[in-house]
Structures are given as structure tokens and as C-alpha cells.
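**Student:** Predicted model and sequence follow; I will ask about them next.
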Amino acid sequence: MKIKILAIVAFLFVASSIKAQSAADKWPALKEFHGVISQTFHPAETGDLNPIKARSEELYNKAAALLKSDIPAEYRTNAILASAEKLQMKAKALDKLVKAKAPDADITKSLTEVHNIFHDIAGLCSEEKK
């Protein structure tokens, strides 16, 4: 009897673990973009723009790769595709600002837009899982 209960509990644990996979786990390009945006945006929140100034082209390349990647079927919606296109365009504009040595306020504003679009995509992915 104890073995049956243990087997049922183990099965439920495994089933819930599979269901709890995040969008980043299913969509590696999203996870890669998140790695760069988190390492550049969060320092910018405290006024440190050096990470984004050093990695703006990488951020743009990750945004482009995200759009070209094999998007999981459940996330291949018009809203997510449109947001991914917008993310790529805004990341490119940010890279151009950095390369043109634009004022820090302009770079911060652009980086915030890119960050917000990323969170829009993550939110849309969460909605699609429901």
C-alpha cells in the first residue's frame, strides 16, 4: 500500500514538473535574450549604463535570433510574433543610439522600452499556457 501511495505521489510530482515548464525552458532563444536584458537593464536602473553600452549589439543580435528561432507552437500567435518583431526593431534602435553615443537619458528610455516589450512577450507566453 505504501508503495502505491509513493508511486502516485511521484507521478503527480513529475506531472506537475512537466506542466510547470516556463516559456524560457521551451523557447531557448527567449531564455538567451532574458540573460542579456537582465544583465544590462538592472544595472541601468541604478544609473550604470556601461553594461548596455558594451552589449547593445549583442542584445540586438539576441532579439533578431529570437524572432528567427523555432518558436514553440503554443507561443506562435499573432500577438507574440508582432511583439517579437517590435522587440527586434527597438533593440536595433537602441544599438544605434549606443553607437551614436546618444545622451544617457535617450539610451535609458530606449532600454526601458526594450525591457518592457520583453516582459510583454513573457506575459503573452504565460497567457498562452492557460
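**Tutor:** Noted; the coordinates are in hand.
**Student:** hey, let's count contacts and neighbours off CA atoms from now on
**Tutor:** Will do.
**Student:** Please identify the buried residues of stretch 96-104?
**Tutor:** Buried residues in stretch 96-104, defined by neighbour count with 16 or more other CA atoms under 10 Å: Lys96, Leu97, Val98, Asp104.
**Student:** nope, stretch 24-42 is what I meant
**Tutor:** Across stretch 24-42, burial judged by 16+ other CA under 10 Å covers 27-34, 36-37, 40-42.
**Student:** Kindly indicate which of the residues you listed lies nearest Thr77.
**Tutor:** Lowest distance from Thr77 to these (CA to CA) belongs to Trp27, with 13.9 Å.
**Student:** Keep only those of the buried residues of stretch 96-104 that are in helices.
**Tutor:** Among those, the members falling in helices (DSSP state H) are Lys96, Leu97, Val98, Asp104.
**Student:** so what pLDDT did Glu127 get?
**Tutor:** What the model reports as pLDDT for Glu127 is 75.
**Student:** Just name whatever secondary elements the host helix or strand of Ala63 is in contact with.
**Tutor:** Here Ala63, judged by DSSP states H and E, is contained in helix 50-68. Using 3 or more CA pairs under 8 Å, 6 or more residues apart in numbering; DSSP states H and E as the contact test, the elements touching helix 50-68 are helix 28-45, helix 78-99.
**Student:** For Thr112, find the nearest of these.
**Tutor:** helix 28-45 (7.3 Å).
**Student:** would you put the C-alpha positions of that closest one in CSV?
**Tutor:** Taking Å, rounded to 0.1, in the frame of the first residue of the first chain, the C-alpha atoms of helix 28-45 are listed here in CSV:
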residue,chain,number,x,y,z
PRO,A,28,15.7,28.7,-25.6
ALA,A,29,16.1,32.0,-27.6
LEU,A,30,13.8,33.7,-25.1
LYS,A,31,16.0,32.5,-22.3
GLU,A,32,19.1,33.7,-24.0
PHE,A,33,17.6,37.2,-24.6
HIS,A,34,16.5,37.3,-21.0
GLY,A,35,20.1,36.6,-19.9
VAL,A,36,21.3,39.7,-21.7
ILE,A,37,18.4,42.0,-20.9
SER,A,38,18.6,41.2,-17.2
GLN,A,39,22.4,41.9,-17.1
THR,A,40,22.0,45.2,-18.9
PHE,A,41,18.7,46.6,-17.7
HIS,A,42,19.0,46.1,-14.0
PRO,A,43,22.4,47.9,-13.7
ALA,A,44,20.8,50.8,-15.8
GLU,A,45,18.1,51.1,-13.1
